[in-house]
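Peer 1: Need a 3D model of the sequence below.
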Amino acid sequence: MKIIVATRDLDFGVGNQVRYLLSMLDEDEFVKKVFVIAPRKLEGYSNKIIFEIVENKGKFFVTKVPYFAYKCNSIIKRTLKSEHYDLIHTHYPIKFYGINIPIVFTVHSSHLEMSMKKTKSYIYNLANVFHRLFIGYEEDLMDSSRKVIFVNQNLMKKIILNNQNLQTKSIYLPNMVDTKKFKILKKDEKIIIKKSLGFKENDKIILYVGRLDPFKGSLVLANTIKKINNPQLKLMVIGDGHLIKKIIQFPFVRYQGIISNEELYKYYNIADLFVLPSYYETFGLVAIESILCGCNFLLRENFLPLEIEEKNLFISDENLENSINKTIKINPPKNKELIKQIKKEFDAPLVYSKIRKVYEEIKNAGNQD
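Peer 2: Alright, predicted model coming up:
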């Protein structure tokens, strides 16, 4: 089987999922070739994984979405003129006019749902205007896809309610996580890592992992820690984005840049508290990873496909300070049942086996035609 994979992210939540997928495809003898359209080339794969680079245009989704959508279309049409592929698996909305092979669309987020979110943030509400403009991109793609994969069951229900034609082609498959890599380290290992990163023994580390933009709430988190005014509190930030200059100005911030997925578990393990202050998430993969590594954690809402206790939710910006003060004192966190559930439902080989079944069904249907 030969597959085209399209993504405009290789670094954050969606990017990590694409990396997992590519690793599995590379090992799978059923798959003979993978043509990847992405913002850069990744190393470490066999020669059956081929990359074509489409750089992101601009800092914001307002320019990234349409550029990637139309650029991918022209690359795929050009590629299919000279070589046969069995299907396209895209992780972002793309304009697929003039393309006649099956499409699998994994919905990691939705312009429709984003456009309905209301917050006190002027920038966020302004962005909602553009999200409404791009709803047509994802609706057209879902209508023309052979299979639509949702990583969030609630989102799938909302989308189907809005478009009943998607009922028979939609499927829920959660994001993948490497449950062997993301694990709890021994105490002496944690001490060594903490010291190597320049933290003092009595420092209390709050961890943020993700894009540095207003929608992710990173600046809200930094301002809240400033308000708490505890010299022991340090905010360890992993990620990138246009708010980086504002974030690193806080004296308690320890900025680590972008950390590879292979090393990320070390940072979770030394954190006293992981905070996901996003205004919107469809899955919250970084929170899942933090739980596997034994972190205390706080979420704005329960974005996870798990049952979360109220003590792990702060709901609003005004509640964040109080929640941090309470939750950071819980030691050790009791996440045993959550960890069992994550290993049972989200382990990468398990989820990939279900994606592979989708590919096989499409391949077999094509042979019958």
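Peer 1: Grab the CA positions of the helix or strand harbouring Leu320 and hand them over as PDB.
Peer 2: Following DSSP states H and E, one finds Leu320 within helix 317-327. What follows is helix 317-327, C-alpha atoms only, in PDB (Å, rounded to 0.1, in the frame of the first residue of the first chain):
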ATOM      1  CA  ASP A 317      -8.600  32.600  35.100                       C
ATOM      2  CA  GLU A 318      -9.800  33.900  38.400                       C
ATOM      3  CA  ASN A 319      -9.600  30.400  40.000                       C
ATOM      4  CA  LEU A 320      -6.200  29.500  38.700                       C
ATOM      5  CA  GLU A 321      -4.200  31.100  41.600                       C
ATOM      6  CA  ASN A 322      -6.200  29.300  44.200                       C
ATOM      7  CA  SER A 323      -6.000  26.000  42.300                       C
ATOM      8  CA  ILE A 324      -2.200  26.200  41.900                       C
ATOM      9  CA  ASN A 325      -1.700  26.800  45.600                       C
ATOM     10  CA  LYS A 326      -3.900  23.800  46.500                       C
ATOM     11  CA  THR A 327      -2.800  21.300  43.900                       C
END
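Peer 1: Can you list the low-confidence ranges for this structure?
Peer 2: Scanning the chain for pLDDT under 70 picks out 60, 62, 111-132, 332, 367-369.
Peer 1: per-domain residue ranges of it.
Peer 2: 2-176+347-368, 187-344 (automatic domain parsing).
Peer 1: Need the ones you listed in CSV (columns: mean neighbour count).
Peer 2: In this view, the C-beta of every residue, glycine as well, is placed from N, C-alpha and C. As requested, the domains of the chain are exported to CSV (neighbours: other C-beta atoms under 10 Å):
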stretch, mean neighbour count
domain 2-176+347-368, 17
domain 187-344, 18
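Peer 1: Distance of Ser157 relative to Tyr280?
Peer 2: You called it Ser, but residue 157 is Lys. Using C-beta to C-beta, to the nearest Å, Lys157 is found at 17 Å from Tyr280.
Peer 1: Helices of the stretch 251-369 of the chain, start to end?
Peer 2: 264-270, 285-292, 317-327, 336-345, 348-368 (DSSP state H, counting those that start in this stretch).
Peer 1: All set, thanks.
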